[in-house]
Structure formats: structure tokens, C-alpha cells
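**Student:** Predicted model, plus sequence, below.
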Amino acid sequence: MTQFARGGGCACKLPPGELEAVLVGLGADSPDLLVGLANGDDAAVVRLDDSTAIVATTDFFTPVVDDPYDWGRIAACNALSDVYAMGGRPLVALNLLAWPRGVIDMVVAAQVLRGGLDVAKEAGCLVAGGHSIDDGEPKYGMAVTGLVNPAQIMSLDAGEPGTPLSLTKPLGIGVLNSRHKATGEVFPQAIDVMTTLNRDAALAAVQRGIRCATDVTGFGLLGHAYKLARASKLTVVINSADVPYVDGAREAAEAGYISGGTRRNLDWVRPNAQLDKVDELDALLLADAQTSGGLLVAGEVPGGVVIGHLQAHTGVAVQVH
């Protein structure tokens, strides 16, 4: 599957700086739009009443693995993650499928869709149709609608100084996916991470009263930490020695399997970060473009690893030690 696409997964995202420039002035304005474009949060949130709001998001990408069923599972898990990152519960999803029908048999597309359906069932989320097009590259994902209590929204701008910063999944997915695409090697440990729902971590965070979080996907840990710091007007401090990685990630990075998306992430964050305490390889791993990564949570959650903390703004958005 990966050979039919130029890139793979969330590494195919448009560069964050370019994307933000395009979106200037395109957001809606309403008192019921509780979360919109302003800070680049993971999903939009619209208030229905004092106790209920809708969470709306969409996510799709090209194959990150060669097994079509696993790709479907990964893409669905990644799309659902945006709802969890806002503190919400996914309710219904619509499939988004682009398929080179004259090149790859539609039987394979059915396997992709089955993978997405199985993950949605695990999440307790209905799948009700969707949309498909004939395209030169295979792409799959979901548009997801969820529910959240407005008082329990987790957003980028709610960080407070002195709060520990936790990561709920290890990094290194991007370099392992790049190695898989180039060599055909299969990394079950990476697939396990990408197909693990962020449901339990999000529920635990909400129950603990945490109100600041995001998920770590295509912009890498550094990119998403930068967005959180900027929105909350704080500095994110990351202790690089405490950051967990998937087995084999460092070896893949040392062998050169680093995507263009990862390098663009680092270029975007570098002017707003203090990175002199780590070498270039470590900086690239921290910027590694993740697919279906974990939550970055301002607080401590069961199963998460504390990798740093938030502090008053020091002149840079991200400090790495």
C-alpha cells in the first residue's frame, strides 16, 4: 500500500507555517463556537446548551503501512483521537475514501473500511456512510462528530504555570513508518501504538479536572508543544531524557529514515525554541511526525509519562533540556 503514495500518514500534512498563513481570517465568529481556528486546536466545539457541545473534526491520509486492514484501523484511531483530545466522546463517524480504482482492487478498499469500522466499534462510535472519490493515490480517514460537556473541554489555551506535562504514548512512529515504506520491514510495536485509542487517557484526564491537552500527530512533539505554549502564553519545558520512544525508533533515525515533514516541523519550531542542550538527531526525534500519537496533557494521568512542565513565559515557547 505505501508504494502507491508519495508520503505517508500525518507526515503528509501541509507545513504548519504555510497552513497557518492560508487560514488567516477564515474562521467563524459566534459565542456558541467555543473552540475554533484561533489556536489550531484539534477539533471545533460548538455549544448546544449549558451541558452539551458538539465536537467536530476530520482526518485522513495516505497509507502508513502495507496491510490495508491495519491502515484502516490506524486512520480511524487517528481521526477519533481529535475528539478525545478535546475531552469529548465520539458519537458518529463518516468514512472518507479516495481510491485509485483502476490500480488497486476494490476488495482491498473493503479491507481498509473494515479496519476503520472495527476501531470505531471499539470506541463505541457509529459509522454511518461517508464519501468516496476515484483518485490517483489511496487516502482514508473519517469525519467524526462527538459530544463534550462545555465545562470539561480540554484546549490548548488553558495551560497554567507549574503544571507537569505528560505524554501518553511513546514517540518514534514517524521514523519507523518511513523505514517500513523504504524497506518493507514490519514493526508490530509501532502498529500497536498507532491502533491504541486515546479514550482511556482522555477520560482519566477529564475525571482529574485537567483542561489543557492536545494530541501529538503530524507536527511532532515539538510542534504541538509549541502550539500549546503559544496559545497558553507560557513556556513548555521538555526533559528529553524522560521522553519515551518506541523500540527501534532511534536506530531508524540514525539510519536516516527521517521524513520531510519531520524536518519541516523542526524548521518551524526552531526560531521559538531553545534546543542547544540536545543534538540534531534528538531534536529531529522530538519533531518526528507522528501518526495516531498520544495525548500531551497538562497534568498527570495514569499510564502517562511526565516529560516536563509548564512555566511562565521565558522568552521562548519551548525549552528542551
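**Tutor:** The structure has been received and is ready for your questions.
**Student:** if I pick Lys139, what's in contact with it?
**Tutor:** Ala5, Phe60, Phe61, Thr62, Leu96, Leu97, Ala98 (Cβ atoms under 8 Å, 6 or more residues apart in numbering). All C-beta atoms are positioned from the backbone trio N, CA, C, and that covers glycine.
**Student:** For the residue nearest to it when sequence neighbours are not counted, the count of nearby residues, please.
**Tutor:** Spatial nearest neighbour of Lys139, excluding adjacent residues (Cβ to Cβ, 6 or more residues apart in numbering): Ala98 at 3.9 Å. Counted with other Cβ atoms under 10 Å, the neighbours of Ala98 add up to 18.
**Student:** Counting neighbours, which of the contacts of Lys139 comes out on top?
**Tutor:** Counting neighbours by other Cβ under 10 Å, Phe61 comes out on top of the contacts of Lys139 with 26 neighbours.
**Student:** pretty sure that residue contacts Glu137?
**Tutor:** No. Here Phe61 lies out of contact with Glu137, judged by Cβ atoms under 8 Å, at a distance of 10.1 Å.
**Student:** hang on, the residue nearest to Lys139 in a helix?
**Tutor:** No. Counting by DSSP: H, G, I helix; E, B strand; the rest coil, Ala98 is located in no helix; its state is strand.
**Student:** So what pairs up with it in the strands?
**Tutor:** Residues in a beta bridge with Ala98, per DSSP bridges, are Ile133, Lys139.
**Student:** For the helix or strand where Lys121 lies, could you pull out the residues that count as buried?
**Tutor:** According to DSSP states H and E, Lys121 maps onto helix 106-123. Across helix 106-123, burial judged by 16 or more other Cβ atoms under 10 Å covers Ala109, Gln111, Val112, Leu113, Gly115, Gly116, Leu117, Asp118, Val119, Ala120, Ala123.
**Student:** Now do the contacts for the last one.
**Tutor:** With contacts defined as Cβ under 8 Å, 6+ apart, Ala123 is in contact with Leu80, Pro90, Leu197, Arg199.
**Student:** Run through the helices of the stretch 1-150 of the chain in chain order.
**Tutor:** Under the criterion DSSP state H, counting those that start in this stretch, the stretch 1-150 of the chain contains helices at 16-23, 68-85, 106-123.
**Student:** and of the contacts of Lys139, the nearest to Arg179?
**Tutor:** Ala5 (15.6 Å; Cβ to Cβ).
**Student:** Distance of that closest one relative to Gly87?
**Tutor:** Note on Ala5: its distance to Gly87, by Cβ to Cβ, to the nearest Å, is 33 Å.
**Student:** Over to Thr163?
**Tutor:** Counting by Cβ to Cβ, the gap from Thr163 to Gly87 is 16 Å.
**Student:** between those two, who's got more neighbours?
**Tutor:** Gly87 (25 against 19).
**Student:** what's the spatially closest residue to that one that is not a sequence neighbour in contact with, if anything?
**Tutor:** Closest residue in space to Gly87, ignoring its immediate chain neighbours: Met154 at 4.1 Å, by Cβ to Cβ, 6+ apart. For Met154, the contact set (Cβ under 8 Å, 6+ apart) comprises Ala85, Met86, Gly87, Ala202, Ala205, Val206, Ile210, Arg211, Cys212, Ala213, Val297.
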